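Chemist: Give me coordinates for this.
(one chain, ligands or ions: 1)
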Amino acid sequence: MSMEAARKPQPSDRFTFGLWTVGNRGRDPFGDAVRPPLASTTVVERLSELGAYGVSLHDNDLVPIDATAGERDRIVREFQKALQDWNLRVPMVTVNLFYDPVFKDGALTSSVRSVRQYAVEKTKRAMDLGAELGAEIFVLWGGREGSEMDGARDARQGLAYYRESLNTLCEYVKTQRYAMRIALEPKPNEPRSDIYLPSVGSMLAFIQTLDDPEMVGVNPEVAHAKMAGLNPVHEVAQALDAGKLFHIDLNDQRIGRFDQDLRFGSDDLKGAFYLVKLLEDSHYLGPLHFDAHAYRTEDAEGVWDFAAGCMRTYLILKDKVRQFYEDTEIQSALAEWRAWCEQERPIHSREDREFWGQAGYRYERLDQLINELILGVR
Ligand SMILES: [Mn+2]
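Modeler: A predicted model of the protein is given here:
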């Protein structure tokens, strides 16, 4: 395969996008929509033409929250026809438990029993939709599961409600015999001041307290980790280490900013390189899902530049990973480092301690080689 052909996305690359990502209309807290709505069937057609594998959705990206049963079935049928015509899959479905004002103080963790029950029922219906579309992953991002003040609901009570809701939902998946696993998506803040279970590590610890911990994993997102000032590569590595990387949200973000959902690799190419390297090294086989959107400056065509760019950057970085392993200078630097680390030199004396304390690791040399690989001069 030629170099350029290797950069053309194929369904076998497992790239997926949310309906809400390419369908994002550029609204922000200070400004209105700048792009017209995009029909779900158009998204399916364009993503397929670009070489994507699949499309994901929140229940209400496809079916309006107030749709009648008849309307719902008609919309789902039309969507399924487009999926079939354009040979696109739906590997993941999620539920919108954040947009409607009813969820303003939480959904699965609301102190109002009626709201919790409604949120659980809404999630069950989204799971039904997912099963109908063949999704094997159900993502839960608890955008409203948190607080602005902790004087009313004790955070421990919030977690207890979360656990109870998740146990009910796992039970439902089993009862319905859905081939579906749940992936919890951590985010530290926004839209709430503070969201419960803000990182991969918090989620992993919480999952172990559920009735069916094996059914539940995580969906780390690059931008969410960076918002918390964390290293997304380490977040994903911890999920992999726990056998819990059920799904991943690829995008980018400047550290310390609001939730930007930038095109993959658009902010931190080196971080993106290490993330691609981790995913490829670990043989992760799930969807490579882009949860991002085009800049607000873009019109409809800019959206497809954005989508193509996400996939192309991933494939270019995947090729850089191959080069990393084939580059003799990088590999011999690594071999020297490994041999140096493994030398037999137990620390029994001050001289031994000084030996290890004073020797150089030569990471400067290796890092510069990697920079030059990414910069394309190697
Ligand atoms: Mn996400």
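Chemist: can you pull out the helices in the stretch 201-350 of the chain?
Modeler: With DSSP state H, counting those that start in this stretch, the ranges of helices along the stretch 201-350 of the chain come out as 222-227, 232-241, 269-281, 300-326, 328-342, 350-358.
Chemist: so how far is the last one from its chain's centroid?
Modeler: So the one you mean is helix 350-358. 44 Å (C-alpha atoms, centre = their mean, to the nearest Å).
Chemist: Give me the three-state assignment for Phe138.
Modeler: The three-state label for Phe138, taken from DSSP: H, G, I helix; E, B strand; the rest coil, comes out as strand.
Chemist: swap that for Ala183, please
Modeler: Going by three-state DSSP: Ala183 is strand.
Chemist: which residues does it bridge with?
Modeler: Val139, Gly217 (DSSP bridges).
Chemist: count of neighbours near it?
Modeler: 25 (other C-beta atoms under 10 Å). Just so you know, the C-beta spots here come from the backbone N, C-alpha and C atoms, and that holds for glycine as well.
Chemist: how close does it sit to the ion?
Modeler: Distance, Ala183 to the ion, by C-beta to the ion, to the nearest Å: 10 Å.
Chemist: The ion is nearest to which of the helices of the stretch 201-350 of the chain?
Modeler: helix 222-227 (6.9 Å; C-beta to the ion).
Chemist: Now do the buried residues in the closest one.
Modeler: For helix 222-227, the neighbour count (16 or more other C-beta atoms under 10 Å) marks Val222, Ala223, His224, Ala225, Lys226, Met227 as buried.
Chemist: These: which two are farthest apart?
Modeler: Val222 and Met227 (9.8 Å; C-beta to C-beta).
Chemist: Common neighbours of the two, please.
Modeler: By the contact definition C-beta atoms under 8 Å, 6 or more residues apart in numbering, Val222 and Met227 are jointly contacted by Gln253.
Chemist: And stretch 80-97, how far out from the chain middle?
Modeler: With C-alpha atoms, centre = their mean, you get 17 Å for stretch 80-97.
Chemist: Also stretch 39-48?
Modeler: 21 Å.
Chemist: buried sites along that stretch?
Modeler: Ser40, Thr41, Val43, Val44, Arg46, Leu47, Ser48.
Chemist: Show me what the helix or strand where the second one lies is packed up against.
Modeler: Here Thr41 sits within helix 40-50, counting by DSSP states H and E. In this structure, helix 40-50 packs against helix 19-22, strand 54-58, helix 69-85, helix 300-326, with contacts taken as 3 or more C-beta pairs under 8 Å, 6 or more residues apart in numbering; DSSP states H and E.
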